[in-house]
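Colleague: okay, structure incoming, though there's no sequence with it:
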């Protein structure tokens with residue numbers, strides 16, 4: 001990637017990245033202070049907490065898609081882009097079906113590893129609309145690297161937040177670093193990257209289609 005392209009991506013994702021970091025820190029403070037679990041759940045996986053950065057993915061995905069389309073870099077074929085994105089979305093659920101078919105326990109490390117591999121394969125969604133894919137990939141890392149760092153601190157500090165609680169009560173005891181290298185860093189750098197790219201891509205493509213229709217209608 002050229003320096004010019006890197007600088008351009010940095011400008012595009014700067015505000016979304018700052019907003020996302022602010023939400024991450026707010027979520028952490030809310031959990032540490034014991035605020036409402038509806039908004040700041042400490043349950044494994046976050047418990048669908050209303051304050052969380054996963055809810056920002058559709059918003060920023062649509063924003064990126066709209067901006068790129070308005071700048072004249074919409075995909076040549078919306079249908080092809082949508083098809084590749086849906087394929088990328090299907091990869092991880094397919095891994096879940098495969099795990100059940102093989103009789104693997106849902107929360108086992110083997111099943112988790114299967115999800116990690118599937119999420120990497122699911123990054124085929126980057127090809128759906130390369131310009132949007134690059135933007136979402138950059139945003140995904142900007143969003144998830146801070147979470148991985150927060151998880152490292154939470155695990156070493158045993159804070160009792162969703163950032164350091166294992167997904168399974170039967171999760172084996174581990175040293176803090178080993179625990180982070182198992183439930184902290186890998187999902188943030190794979191599964192959540194996939195989630196951001198494919199879900200953001202879906203909403204970005206929808207926004208681009210709307211922008212194209214509006215442009216056609218006013219032409």
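Modeller: Looks like it arrived, so ask away. As the structure is a computational prediction, the values presented were derived from the model and not from experiment. Residues are numbered from 1 along each chain as shown.
Colleague: helices along this protein, start to end?
Modeller: Taking DSSP state H as the test, the helices found in the chain are 3-32, 56-70, 78-101, 109-121, 130-157, 176-179, 185-189, 191-218.
Colleague: ok, which of these comes nearest residue 48?
Modeller: Among the helices of the chain, the nearest to residue 48 by C-beta to C-beta is helix 3-32 (12.7 Å). In short, each C-beta sits where N, CA and C put it, glycine included.
Colleague: from the chain's centre, how far out is stretch 119-138? Work that out for me.
Modeller: A distance of 11 Å separates the C-alpha centroid of stretch 119-138 from that of its chain, computed with C-alpha atoms, centre = their mean, to the nearest Å.
Colleague: so which bits of that stretch are buried?
Modeller: For stretch 119-138, burial by neighbour count (16 or more other C-beta atoms under 10 Å) applies to 119, 122-126, 128-129, 131-138.
Colleague: list just the nearest of the residues you listed to residue 47.
Modeller: Scanning the buried residues of stretch 119-138 for proximity to residue 47, where the rule is C-beta to C-beta, the winner is residue 119, at 21.2 Å.
Colleague: do you know how far that closest one is from residue 93?
Modeller: Relative to residue 93, residue 119 is positioned 11 Å away (C-beta to C-beta, to the nearest Å).
Colleague: now residue 106
Modeller: Between residue 106 and residue 93 the distance is 13 Å, computed by C-beta to C-beta.
Colleague: mean pLDDT and distance to residue 163 for the helices of the chain - can I get that in JSON lines?
Modeller: Rendered in JSON lines, the data for the helices of the chain read as follows (pLDDT from 0 to 100; distance: least, C-beta to C-beta, whole Å):
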{"stretch": "helix 3-32", "mean pLDDT": "88", "distance to residue 163": "7"}
{"stretch": "helix 56-70", "mean pLDDT": "95", "distance to residue 163": "17"}
{"stretch": "helix 78-101", "mean pLDDT": "92", "distance to residue 163": "22"}
{"stretch": "helix 109-121", "mean pLDDT": "90", "distance to residue 163": "17"}
{"stretch": "helix 130-157", "mean pLDDT": "97", "distance to residue 163": "4"}
{"stretch": "helix 176-179", "mean pLDDT": "95", "distance to residue 163": "11"}
{"stretch": "helix 185-189", "mean pLDDT": "95", "distance to residue 163": "10"}
{"stretch": "helix 191-218", "mean pLDDT": "88", "distance to residue 163": "13"}
